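Q: predicted structure and sequence below. I'll ask about it afterward.
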Amino acid sequence: MGAKDITEKILADYEDVFADIINGVLFDGEQVLHENELVNVKDKSQYKFDNKIHEQERDVCKQWVPYGVCFALVGLEHETQPEPYMPMRIIGYDGAAYRGQLTKSEKEKPNYPVITLVLYFGMKHWNKPRTLFECMDIPERLKPFVNDYKIHIVEVAFLNDRLHYFHSDFRIIAEYFINKRTKTDYVPSAQEIRHVDEFLKLLHALTGDDRYGTLLHTLQMQQKREGISMCEILDRVENKGIIIGEKRGEKRGEKRAREMLNQLNAILLEQNRLDDLKRTLSDTAYQEQLLIEYGIHENQECCNIEKQIPEN
């Protein structure tokens, strides 16, 4: 996913968020996996193709190690658009993780399963293959000899009925995307965001709205890294948007007002109406009368030149 991928995985890499996602998806919100049981793994692997060595790396990957024994290796991948060959990509990650358990240092230890979840942030259902068979046209006579492979897609914007399973910053993100998809009146949660920087970076990356990036910069300058909710974020972002819009509108009005006055002044000079020109400098009512007389006024709502032109 490129730049977005780099940004998204920062939030999910926190143990509390990672554990919350796994408990919500795998265990229906039951607190089975605890954040202090997670061990970071930089899951890089290589494969050879066309006589060249290529490297692949998961977005986020952690071992679940309760009681000092690895129960599972869990990976998270992030997508904003359906990926047509996702099963082939995932089987590469999972296969490399299983192969790694056969290394000299690992093969004396108990083997453990590998689980990969795809966090999908799209507004429409995932409509690309979810199995290896769906990625290709396999002749019926060959199918008995080909092992299928299924991937697990978490459609974040469709977690309506499962939202209560989550409790971390991920819950607030999911709530935001659910409301963005359904376009219902959004009443943000009062829950405080624990990882403010990474939360705003994620929203900025996924929405493309620069206001989240601007707010992040403001909060960093204020050294405010906690104690903020989604409600406060939206208040700041939306109010800032209104202020910017008003300022832009004011500038457009000022520009149009100056153009109309310049046009009127040019006409009065051309007709040698110097007394009228002097009068318009102090008599705004007469100024508006002449604008209407010469057809320069477009409508009554934008004709108050005194309001549009700032004082020097």
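A: Nice, I can see it. Numbering: from 1, shown residues only.
Q: if I look at residue 69, what pLDDT would I see?
A: For residue 69, the pLDDT comes out at 89.
Q: surely it touches residue 110?
A: Yes - taking contacts as C-beta atoms under 8 Å, residue 69 lies within contact range of residue 110: 6.8 Å. The C-beta positions use only the backbone N, C-alpha and C, and glycine is treated the same way.
Q: which residues in this structure form strands?
A: Shown for the chain, the strands assigned by DSSP state E span residues 38-40, 44-49, 52-57, 60-64, 72-79, 114-120, 152-155, 192-193, 228-229.
Q: quick one, domains of this protein?
A: Following automatic domain parsing, one finds the domains of the chain at 3-187, 244-308.
Q: any idea which of the ones you listed gets closest to residue 234?
A: With C-beta to C-beta as the criterion, residue 234 lies closest to domain 3-187 of the domains of the chain, at 7.7 Å.
Q: bridged to the closest residue to residue 40 other than its chain neighbours, which residues?
A: Closest residue to residue 40 apart from its sequence neighbours, by C-beta to C-beta, 6 or more residues apart in numbering: residue 62 at 5.8 Å. Per DSSP bridges, the residues bridged to residue 62 are residue 40, residue 74.
Q: ok, residue 137 - how many residues close by?
A: Using other C-beta atoms under 10 Å, residue 137 has 6 neighbouring residues.
Q: C-alpha coordinates for stretch 259-277, PDB please?
A: Extracted in PDB, the C-alpha atoms of stretch 259-277 (Å, rounded to 0.1, in the frame of the first residue of the first chain):
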ATOM      1  CA  GLU A 259     -13.100  45.000  -9.400                       C
ATOM      2  CA  MET A 260     -16.600  46.700  -9.400                       C
ATOM      3  CA  LEU A 261     -15.200  49.900  -7.900                       C
ATOM      4  CA  ASN A 262     -12.300  50.000 -10.400                       C
ATOM      5  CA  GLN A 263     -14.800  49.500 -13.200                       C
ATOM      6  CA  LEU A 264     -17.000  52.400 -11.800                       C
ATOM      7  CA  ASN A 265     -14.100  54.700 -11.300                       C
ATOM      8  CA  ALA A 266     -12.900  54.100 -14.900                       C
ATOM      9  CA  ILE A 267     -16.300  55.000 -16.300                       C
ATOM     10  CA  LEU A 268     -16.600  58.200 -14.200                       C
ATOM     11  CA  LEU A 269     -13.100  59.300 -15.300                       C
ATOM     12  CA  GLU A 270     -13.900  58.500 -18.900                       C
ATOM     13  CA  GLN A 271     -17.100  60.600 -18.700                       C
ATOM     14  CA  ASN A 272     -15.200  63.300 -16.800                       C
ATOM     15  CA  ARG A 273     -17.600  63.000 -13.800                       C
ATOM     16  CA  LEU A 274     -14.900  64.000 -11.400                       C
ATOM     17  CA  ASP A 275     -17.300  65.500  -8.800                       C
ATOM     18  CA  ASP A 276     -19.300  62.200  -8.800                       C
ATOM     19  CA  LEU A 277     -16.100  60.300  -8.400                       C
END
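Q: ok, the residue nearest the centre of the chain to residue 14 distance?
A: Centroid-nearest residue in the chain, with C-alpha atoms, centre = their mean: residue 206, separated by 2.0 Å. Look at residue 206 and residue 14: by C-beta to C-beta, to the nearest Å, they are 17 Å apart.
Q: again with residue 265
A: 63 Å.
Q: please say which of these two ends up with more neighbours.
A: residue 14 (19 against 14).
Q: who's in contact with the more buried one?
A: 168-169, 194-195, 198 (C-beta atoms under 8 Å, 6 or more residues apart in numbering).
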